[in-house]
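**Q** Below: sequence and its predicted model.
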Amino acid sequence: MSDRITAVEAYQNAIVKGEDDSVAGYLADNVVVESQFGRAEGVEGALALLHEPRIAGLLAAGPHWTEPAENGDTITVTARLPATAPFGGVEFVFTFSGAKISRVEQQTLPGAPVPAAELRLTDEIKNAVNGAFDNQTPMMIAYSDGEGEIHLSFRGTIQAYSDDQLAVWARDPEGGLPRHISARPKVTLFYHDPKTRTTYTFYGRARIADDPDARTAVFDGSPARERQMDFRRGGVAIIVDLDKVEGRGPAGRILM
């Protein structure tokens, strides 16, 4: 095994196991590290960047390391992540000056396509949607008007209505959302919780539900504060028939 390969393996161990001592001796005094999370110069800076928590977070899924590929004064190795991970992996390109690493480039790779599953909202997704208001991560809905403009608005009443439907209670029957969906039913709804790195995007077709039972279910399914703001129930219930859901939850990426 060459000294350069040993240096690359020491760098890997420093990332995965925190073994800084094993890699420090392989770094040139003027080493430069470029990554998506910043740039570091010098040995101390390079070692500090090794402990960037977001890099550790990317590699926490247990990557598969490829065999080092040598090309002149560079060696490339890739930490490939499972298909459900948010990225495909991290590519490391090491440039050497003699036996020491003079430059490291760390670049995240796009994720592999996620196989599509049947559209069926899981309990995890339903709980996230239904708890969005109280979790202080209110959802947004996007719709288009007659001029082709796209409108975005936060809605505290967005809720899971069935395994393949969401619903919204709109307090103003003459508001933009209720007025425009009859002619332009396509809508997009968005959920994001930065604390858990959870993001869901819902695509579907919206319609006003006139059925009394549906109106009651959607109103009653809204948070108490939202219900109180329309205690006379003068609003309208909107059902969204979903066509696609994509995003990332605690278990990884999804596509339905």
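**A** It's in. Residues are numbered from 1 along each chain as shown.
**Q** Only C-alpha atoms from now on, for both contacts and neighbour counts.
**A** Noted.
**Q** Quick one: low-confidence residue ranges for the chain.
**A** 1, 19, 56-58, 60-61, 84 (pLDDT under 70).
**Q** can you point me to the longest strand in it?
**A** strand 236-249 (DSSP state E).
**Q** Look up the closest residue to Gln165, ignoring the ones flanking it.
**A** Once flanking residues are discounted, Gln165 sits nearest to Asp241: 4.8 Å by CA to CA, 6 or more residues apart in numbering.
**Q** Cross-check the contact I'm expecting between the one you found and Asp163.
**A** No: applying CA atoms under 8 Å, one finds Asp241 not in contact with Asp163, separated by 10.0 Å.
**Q** Among the two, which residue is more densely surrounded?
**A** Asp241 (22 against 14; other CA atoms under 10 Å).
**Q** need the contact list for that one.
**A** Listed by CA atoms under 8 Å, 6 or more residues apart in numbering, the contact set of Asp241 reads Asp164, Gln165, Leu166, Gly204, Arg205, Ala206.
**Q** give me the number of residues near the fifth one?
**A** By that I understand Arg205. Neighbours of Arg205 (other CA under 10 Å): 19.
**Q** residues in contact with the residue nearest to Ile150 when sequence neighbours are not counted?
**A** Closest residue to Ile150 apart from its sequence neighbours, by CA to CA, 6+ apart: Ser144 at 4.5 Å. Applying CA under 8 Å, 6+ apart to Ser144 gives the contacts Ile150, His151, His180, Arg184, Lys186, Val187.
**Q** Please apply the same query to Ala214.
**A** Contacts of Ala214 (CA under 8 Å, 6+ apart): Ala237.
**Q** where's it relative to Arg232, distance?
**A** Counting by CA to CA, to the nearest Å, the gap from Ala214 to Arg232 is 16 Å.
**Q** Same question for stretch 204-215: list its buried residues.
**A** Gly204, Arg205, Ala206, Arg207, Ile208, Ala209, Ala214, Arg215 (16 or more other CA atoms under 10 Å).
**Q** need the residues you listed in CSV with secondary structure, can you?
**A** Output for the buried residues of stretch 204-215, formatted as CSV (DSSP: H, G, I helix; E, B strand; the rest coil):
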residue, secondary structure
Gly204, strand
Arg205, strand
Ala206, strand
Arg207, strand
Ile208, strand
Ala209, strand
Ala214, helix
Arg215, helix
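**Q** Which one of these is nearest to Gln106?
**A** Gly204 (38.2 Å; CA to CA).
**Q** Surely that closest one and Phe190 touch.
**A** No: in this structure, Gly204 is not within contact of Phe190 by CA under 8 Å, at 11.7 Å.
**Q** Just confirm Arg232 is within a helix.
**A** No: going by three-state DSSP, the assignment for Arg232 is coil, not a helix.
**Q** how many other residues sit next to it?
**A** Arg232 has 9 nearby residues by other CA under 10 Å.
**Q** and what of Val8?
**A** When neighbours are counted by other CA under 10 Å, Val8 registers 22.
**Q** Thanks a lot, catch you later.
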